[in-house]
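Student: Need a 3D model of the sequence below.
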Amino acid sequence: GSRAGGDVGGGGSVAPPLSVLDLGCGTGAVALAAAASLGGGAVVTATDRESRSLALATANAARNGLEVRLSPLDYATDEAVAAFAARHAPFDLVTGAALMELSTSPRLWSVLRALTAPGGAIGVAANDAETAADATAAGDAPLPAAVPSPTARGGGGGRGD
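Tutor: Numbering: from 1, shown residues only. Coordinates of the predicted model:
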């Protein structure tokens, strides 16, 4: 069985993941929510290719008194992913919010899978229902699943649809 499961908010009866990765963390909101929800029972790692994003995530973690490992990662190259995976992977839960190339890059799904422990979970949020459906299809379901973010608007996510 997997150690992953339940909801990140801790409302489920399944044990929380022991290791969480937030790929493309931006300001660190998802990683910080995981760290706050899971407490000391999990190691949360946040990555981004932009140093400015990592600086914001670092400041937000400090401001909120949360421990999150931050690491630069440009997942565009296999070498960078392999080096990161050798140091940190696998993860019980891999998350990503607003990964822009989600619906157009089967390679991104390969990266997500490469960083996920056997039996682990991948959770991503897309900007709208159409992108979520495209992303899930590109990911060769059923392992990955993309869902519209709670802030997505109906119809087309505000793209003029």
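Student: contacts, neighbours, all on C-alpha from now
Tutor: OK.
Student: May I ask you to name the longest strand in the chain?
Tutor: Longest strand in the chain, counting residues (DSSP state E): strand 116-126.
Student: Sheet partners, orientation included, of it?
Tutor: Looking at strand 116-126 with DSSP bridges, its partner strands are strand 91-97 (parallel), strand 146-148 (parallel).
Student: If I average pLDDT within each of the ones you listed, which one is lowest?
Tutor: Mean pLDDT is lowest for strand 146-148 out of these, coming in at a mean of 40.
Student: All the helices of the chain, in order from the start?
Tutor: Counting by DSSP state H, residue ranges of the helices within the chain are 29-38, 51-63, 78-88, 106-115, 129-138.
Student: Which among those is found nearest to Ser71?
Tutor: Taking CA to CA, helix 51-63 is the member of the helices of the chain nearest to Ser71, at 7.6 Å.
Student: what does that closest one rub up against?
Tutor: Contact partners of helix 51-63, identified using CA atoms under 8 Å, 6 or more residues apart in numbering, comprise 25-29, 32, 47-48, 67-68, 70-72.
Student: pLDDT, distance to Leu108 and neighbour count for these - can I get that in CSV?
Tutor: Shown next, in CSV, are the contacts of helix 51-63 (pLDDT from 0 to 100; distance: CA to CA, whole Å; neighbours: other CA atoms under 10 Å):
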residue, pLDDT, distance to Leu108, neighbour count
Cys25, 93, 15, 28
Gly26, 91, 17, 24
Thr27, 93, 21, 20
Gly28, 95, 20, 27
Ala29, 93, 21, 16
Leu32, 95, 23, 25
Thr47, 96, 14, 26
Asp48, 94, 14, 22
Glu67, 94, 27, 19
Val68, 95, 23, 23
Leu70, 96, 20, 21
Ser71, 95, 18, 17
Pro72, 95, 17, 17
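Student: Many thanks, we can stop here.
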